Structure formats: C-alpha cells, structure tokens
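>>> I would like to see how this sequence folds:
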Amino acid sequence: MVQILNVVAFCHLQGVVHRDLKPEEENSQLKAIDFGLSDFVRPDERLNDIVGSAYYVAPEVLHRSYGTEADVWSIGVIAYILLCGSRPFWARTESGIFRAVLKADPTFNEVPWPSLSSEAKDFVKRLLNKDPRKRMTAAQALCHPWIQNHNDVKVPLDILVFRLMKAYMRSSTLRKAALKALSKTLTEDELFYMREQFALFEPKNGSITLENIKTALMKNVTDAMKDSHVPDFLFSLNALQYRRMGFEEFCAAALSVHQLEALDRWEQHARCAYELFEKDGNRPIVIEELASELGLGPSIPVHAVLNDWIRHTDGKLSFLGFVKLLRGPSSRALAKAQ
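Alright, predicted model coming up:
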C-alpha cells in the first residue's frame, strides 16, 4: 500500500492521472503498471472521458468531471478489498456496479471490519469519500496514523498544498483570519502532515519564501511540469516575493476546509475556531463590504444571499457566516443558494 501511494503521489505531483489502478494478480507485489489510460491534467482542469475498470472507478468519473482524486478512490477500493476480501461495490452488470458506486455506501459492519482497528477503517473511509474535495490525497494517506504506525514512510511533496496556497494568497484578509483560527484547532495527526510538507520547502529560520517554493518545485517535478505549470503557479504566489511565511501561516494556507468537514470532529473544529476568530479576527462588517471581500459581482443580490452571515446585534460575522467564509464560496455557488 505504501508503494502504490508513493507512486501515485509522485504521478499526481507531475499532473499525471493513472485512471486504471487495480490489483491484477493474487499473491503478487502491489505495483502501479499499465499507464495506457493515464492522462496529463492541470491542477485547475477536469477530465471528462469515462475510463477504468468498473469496480474501481470513482463517482466523479461517472459524472464526467474528475482529476487526480479519482486515483485515490481506486486505492481506497484496493485497500477495502485487501482488508476484508470483498469489493465495496458489487453488482452483476457493469451498469449495476456504476449505480452502486454512485448511490451505495460501503459496509463496515460485517466481518472482519468490527475486529479491525479504528485507524484502518478511518483510512479506507477517507479514501472512499464520494466528494473528491473531501478525499485524502495520496501524500496525505501516507501521513495517516494507520500507515505511519506500521511503516517508516518518507512523505512526498503534495500537489494539493500548492493549489491551497494559491487560493489562500488570493483570499481576502477576513478569510485569511478565519483560516488562521481554524488552523489552530488542528490535531497532532493533522499537524504531522503539515510539518512534513513544510519541511520539504527547506525553511530557513522557521519560515519560507517564494524562493523556497520555487526550489522545492524544481527539485521534485519533471521537465514537462516545469515548462507547463510552474511559471504560472509561481506568478500566483508573487506576493510572497517580499515577505516570509512561518509554519503557523503555512498551516492556514495549506489546510483543506472541505477535508476537515468530512471528519466526525468537524463541528468541534469549527466551534473552537470561531471562538478564536471572535477574539482575534471578527469585526463589524456591512454586507456590501463582505460582498466585496468575497469578490461578488453586481448580478448577485447580496442582501438576500449574505443576510444570515452577519449578526444583527453587533454587525459581526455569525457562526454560519464564518463557516461559509471558510469554504470560500464562489459567486456561482452563492447564486445557487438563493
């Protein structure tokens, strides 16, 4: 499992999606082979052709909008099979399998699941989340306690960190404050992943600059990735050219709100973060200013959409508004929420 996670994490860092991961032979070493269906995908791009083997295909592939996360789903299916000997989704026909993948949830109640560790079950569940935004990456899976407890694993650079940092640098001051509050609620297991990623940037005096990020990218990606993606990404982080980012801010920049929402303790995370935000980051804000912070256009009826984001007693963000701000909603998402 560690081997395939390492290979897939490396592929994803290069923008390569395998798209057909499956165990081929019994009693053989697990390897990632047959890249015939693989494709190259930009971090902000989605693929739309349905490929792969029915039992291992991710839900978003069937919806014709997917990226590297689809490979992680396939690894989740493989892990499920290795742990219990049966498939998480089954039917007699291919169309039936596809329906099960889209609608059914894998069972964790039948033998041998009750006798397996909570870490093993959590590992598989976080790989088989139907929402690709909430699914672990291959690099994060290598940091999971179930893997770390039994292996001396070298964690590779995670492409997700770069996407999240890019979004963070483009965020408003208010959202950055909210993310910083949330980052202070991370557990030791979650901080382990952050520390591993931060160390890969080779910080100097406890902080990193744009030069550290550039060096890490050049060291870890192939020439194809350097030529096609690195310049654009570095330009998006240009604000770091004249300042340094410490570990605390890195945690805020590199955390995934969607992934935290998938955890059973999400409500606790959010409530604790809101309490911290109330002390250090919350301030009175009018709806028009909030709309500007979110980058909403004139076509959005901001008073109707954002009214419940602000407490009427003091004009500060409500808990609901805080959580929605963390998600960084787009204008399109807000329009749908009306």
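>>> Now do the SS call for the spatially closest residue to Leu276 that is not a sequence neighbour.
Using C-beta to C-beta, 6 or more residues apart in numbering and skipping the chain neighbours, the partner closest in space to Leu276 is Ala181 (4.1 Å). Quick note: C-beta positions are derived from backbone N, CA and C, even for glycine. Secondary structure, DSSP: H, G, I helix; E, B strand; the rest coil: Ala181 is helix.
>>> Same check on His258?
Taking three-state DSSP as the rule, one finds His258 in the helix state.
>>> Wait, it touches Met136, no?
No. Shown here, His258 and Met136 do not form a contact pair, counting by C-beta atoms under 8 Å, at 11.2 Å.
>>> Contacts only, for Gln140.
Residues counted as contacts of Gln140 (C-beta atoms under 8 Å, 6 or more residues apart in numbering) are 158, 160, 193, 259.
>>> and after the host helix or strand of it, which helix or strand comes next?
If you go by DSSP states H and E, Gln140 is part of helix 138-142. Remark: after helix 138-142, the chain's next helix or strand is helix 145-148, criterion DSSP H and E.
>>> For that next one, give me every contacting residue.
Contacts of helix 145-148 (C-beta under 8 Å, 6+ apart): 1-2, 5, 117, 119-120, 122-123, 141-142, 153, 189, 192.
>>> and of those residues, the nearest to Ala252?
Comparing the contacts of helix 145-148 against Ala252 with C-beta to C-beta places Phe192 closest, at 16.8 Å.
>>> Give me the pLDDT value at the nearest residue to the closest one once chain neighbours are set aside.
Of all residues not flanking Phe192 in the chain, Cys143 sits nearest, at 5.7 Å (C-beta to C-beta, 6+ apart). pLDDT, Cys143: 95.
>>> Just confirm Cys143 contacts Tyr193, I think it does.
Yes. Between Cys143 and Tyr193 there is a contact under C-beta under 8 Å: 4.0 Å.
>>> can you list residues touching both of these two?
Jointly contacting Cys143 and Tyr193 under the rule C-beta under 8 Å, 6+ apart are Val155.
>>> okay, the two: which has more neighbours?
Tyr193 (25 against 22; other C-beta atoms under 10 Å).
>>> The more buried one against Val155, yeah?
Yes. Using C-beta under 8 Å, Tyr193 is in contact with Val155, at 7.4 Å.
>>> For stretch 93-102, list every residue counted as buried.
Buried residues in stretch 93-102, counted by 16 or more other C-beta atoms under 10 Å: 97-98, 100-101.
>>> try stretch 294-303
294, 296, 300, 302.
>>> And for stretch 232-250?
Result for stretch 232-250 [16+ other C-beta under 10 Å]: buried residues 233-234, 236-237, 240, 245, 247, 249-250.
>>> Can you show me the CA trace of that stretch as PDB?
The C-alpha coordinates for stretch 232-250 follow below in PDB (Å, rounded to 0.1, in the frame of the first residue of the first chain):
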ATOM      1  CA  ASP A 232       2.000  30.200 -13.800                       C
ATOM      2  CA  PHE A 233       1.900  28.900 -10.200                       C
ATOM      3  CA  LEU A 234       4.900  30.900  -9.100                       C
ATOM      4  CA  PHE A 235       3.300  34.000 -10.500                       C
ATOM      5  CA  SER A 236       0.200  33.400  -8.500                       C
ATOM      6  CA  LEU A 237       2.400  33.400  -5.300                       C
ATOM      7  CA  ASN A 238       4.200  36.600  -6.300                       C
ATOM      8  CA  ALA A 239       3.000  38.300  -3.000                       C
ATOM      9  CA  LEU A 240       5.500  36.000  -1.100                       C
ATOM     10  CA  GLN A 241       8.400  37.600  -3.000                       C
ATOM     11  CA  TYR A 242       8.900  40.300  -0.500                       C
ATOM     12  CA  ARG A 243       7.900  38.500   2.800                       C
ATOM     13  CA  ARG A 244       8.300  35.300   4.600                       C
ATOM     14  CA  MET A 245       5.700  32.700   5.700                       C
ATOM     15  CA  GLY A 246       6.100  30.900   9.000                       C
ATOM     16  CA  PHE A 247       4.800  27.500   9.900                       C
ATOM     17  CA  GLU A 248       1.600  28.900  11.600                       C
ATOM     18  CA  GLU A 249       0.600  30.800   8.500                       C
ATOM     19  CA  PHE A 250       1.600  27.800   6.300                       C
END
